[in-house]
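Visitor: sequence plus the predicted model coming up.
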Amino acid sequence: MTEGNQADNKHPYSNLEDRFLWKKAVGERSPFSLEGLYRKKFQVSPEARIATAGSCFAQHIARHLKNSGFNFRDFEPAPPLFPPALSQSFNYGVYSARYCNIYTARQLLQTFDRAFGEFLPVDNAWTKGSGFADPFRPVLEPEPFASVEELERSRQSHFAAVQDLIVNTDVLIFTLGLTEAWVSKADGAVFPLCPGTVAGAFDENAYEFKNFTYFEIFEDLIAFLGKVRQINPDMHFILTVSPVPLTATKSGEHVLAATTYSKSVLRAVAGHIASEVEFVDYFPSYEIIAAAPMRGMFYDPNMRTVNAAGVDYVMSHFFAEHAPPAGKASPASLAARPDAGAMEAVCEEMLLAQGI
């Protein structure tokens with residue numbers, strides 16, 4: 001074959017944009033000059049009512065959305081005259097409702113089912129010190145509830161907020177965090193923390209470790225999307241994967257290997273659903289922080305928590321596609337805010353390492 005013939009031999013890779021070629025898109029660039037990592041699938045308008053849920057990294061997303069002027073909704077706000085300095089410790093304003101961290105797709109699905117009366121778990125209250133804790137929000141408040149009745153009132157108020165969120169949200173951003181969980185052997189209820197770590201008591205006859213598979217996570221997310229859209233047919237979703245590694249694992253694998261498994265499965269599921277469902281988008285917060293070209297620079301010295309610069313960089317890619325409302329804070333100016341990216345996330349999973 002002559003050189004001329006080779007030049008005429010066009011194929012699907014002949015005229016790729018730079019962003020599709022590793023050498024030009026990554027290899028020859030500074031990590032701070034990467035472009036086109038995210039291309040939005042649908043528009044998030046300035047008026048769109050946005051809610052967030054998920055693992056602890058989702059808290060950073062929520063805070064930046066609020067600071068940038070998006071219509072971030074809080075369906076379970078702090079009571080009037082509640083001291084602002086205490087709000088986060090009582091899980092007010094952390095997410096769009098006080099569900100605390102939702103680490104797994106099954107936990108997300110069951111949160112919906114419990115709020116709409118479709119699932120009543122056997123575990124109603126766990127003992128905590130001299131009081132009681134919600135098994136599904138065990139660190140909701142600094143002190144335990146004085147009675148089960150008080151706990152139940154808080155729970156019903158929360159369920160009303162979740163119902164309100166489902167009905168009155170345009171875009172839900174959900175951050176997938178873990179594949180590992182502890183579940184009830186009696187009814188399959190999923191807890192955000194292992195029983196006995198901060199509340200309740202561990203009983204191997206009542207609880208078991210569960211490492212969800214790709215197919216289980218896929219089915220749980222599809223079920224959740226379907227149930228939500230039956231109530232709110234116009235809701236859209238943006239899925240992300242938390243770049244925060246596991247604090248500890250009971251999988252039997254080294255924690256590094258267990259983390260790789262967890263994030264890989266979650267990324268694959270999120271990408272699959274986003275590629276197949278028109279009202280679901282995927283935002284690569286995991287890749288922006290954890291990919292090899294970033295050289296680990298966005299992690300704190302513990303190589304687990306994400307530093308403020310990393311959060312700001314992640315959100316800069318989001319805002320490049322979903323521009324903040326006109327006249328509001330620009331992404332560049334957000335870094336100067338004292339609460340932008342620097343506030344420590346409320347992460348229950350870190351409690352697993354206490355005393356270790």
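Guide: That came through fine. Residues are numbered from 1 along each chain as shown.

Visitor: going forward, measure contacts and count neighbours with C-alpha atoms only.
Guide: OK.

Visitor: tell me how far the ends of stretch 298-318 are from each other?
Guide: Terminal residues of stretch 298-318 lie 17 Å apart, using C-alpha to C-alpha, to the nearest Å.

Visitor: same thing with stretch 232-240?
Guide: 21 Å.

Visitor: now that stretch, how far from the centre of its chain.
Guide: The gap between where stretch 232-240 is centred and where its chain is centred comes out at 14 Å by C-alpha atoms, centre = their mean, to the nearest Å.

Visitor: in it, what's buried?
Guide: Under the neighbour-count criterion of 16 or more other C-alpha atoms under 10 Å, stretch 232-240 has 235-240 buried.

Visitor: dump the residue contacts of the closest residue to Lys41 other than its chain neighbours.
Guide: In space, Lys41 comes closest to Asp281 once its chain neighbours are excluded; the distance is 5.8 Å by C-alpha to C-alpha, 6 or more residues apart in numbering. With contact taken as C-alpha atoms under 8 Å, 6 or more residues apart in numbering, Asp281 is in contact with 40-42, 237-239, 274-275.

Visitor: tell me the one among these nearest to Ala58.
Guide: Each of the contacts of Asp281 was scored against Ala58 by C-alpha to C-alpha, and Leu239 proved nearest at 10.4 Å.

Visitor: that closest one bridge partners, please.
Guide: As for beta bridges, Leu239 partners with Phe174, Tyr282 under DSSP bridges.

Visitor: gap between it and Gly54?
Guide: Taking C-alpha to C-alpha, one finds Leu239 at 10 Å from Gly54.

Visitor: phi, psi of Ala53?
Guide: Geometry field for Ala53 lists phi and psi as phi -160, psi 160, criterion degrees, to the nearest 10.

Visitor: pLDDT score assigned to it?
Guide: Ala53 carries a pLDDT score of 96 in this model.

Visitor: skip the chain neighbours and tell me the closest residue to it.
Guide: In space, and not counting its chain neighbours, Ala53 is closest to Phe174: 5.0 Å by C-alpha to C-alpha, 6+ apart.

Visitor: contacts only, for that neighbour.
Guide: Taking C-alpha under 8 Å, 6+ apart as the test, what Phe174 contacts is 52-54, 58, 237-240.

Visitor: please enumerate the helices of the chain.
Guide: Counting by DSSP state H, the chain has these helices, from start to end: 3-8, 22, 57-67, 105-115, 148-167, 214-231, 255-276, 285-290, 308-321, 331-334.

Visitor: using TSV, lay out the ones you listed together with distance to Gly93.
Guide: Shown next, in TSV, are those (distance: least, C-alpha to C-alpha, whole Å):
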stretch	distance to Gly93
helix 3-8	59
helix 22	40
helix 57-67	9
helix 105-115	18
helix 148-167	13
helix 214-231	22
helix 255-276	26
helix 285-290	21
helix 308-321	18
helix 331-334	18
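
Visitor: lowest mean pLDDT across those helices, which one is that?
Guide: Set side by side, those show their lowest mean pLDDT on helix 331-334, which sits at a mean of 46.

Visitor: about what we covered before: columns distance to Phe132 and pLDDT on top of the buried residues of stretch 232-240, output as JSON lines?
Guide: Below are the buried residues of stretch 232-240 laid out as JSON lines (distance: C-alpha to C-alpha, whole Å; pLDDT from 0 to 100):
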{"residue": "Met235", "distance to Phe132": "36", "pLDDT": "98"}
{"residue": "His236", "distance to Phe132": "37", "pLDDT": "98"}
{"residue": "Phe237", "distance to Phe132": "35", "pLDDT": "98"}
{"residue": "Ile238", "distance to Phe132": "35", "pLDDT": "97"}
{"residue": "Leu239", "distance to Phe132": "33", "pLDDT": "97"}
{"residue": "Thr240", "distance to Phe132": "33", "pLDDT": "96"}
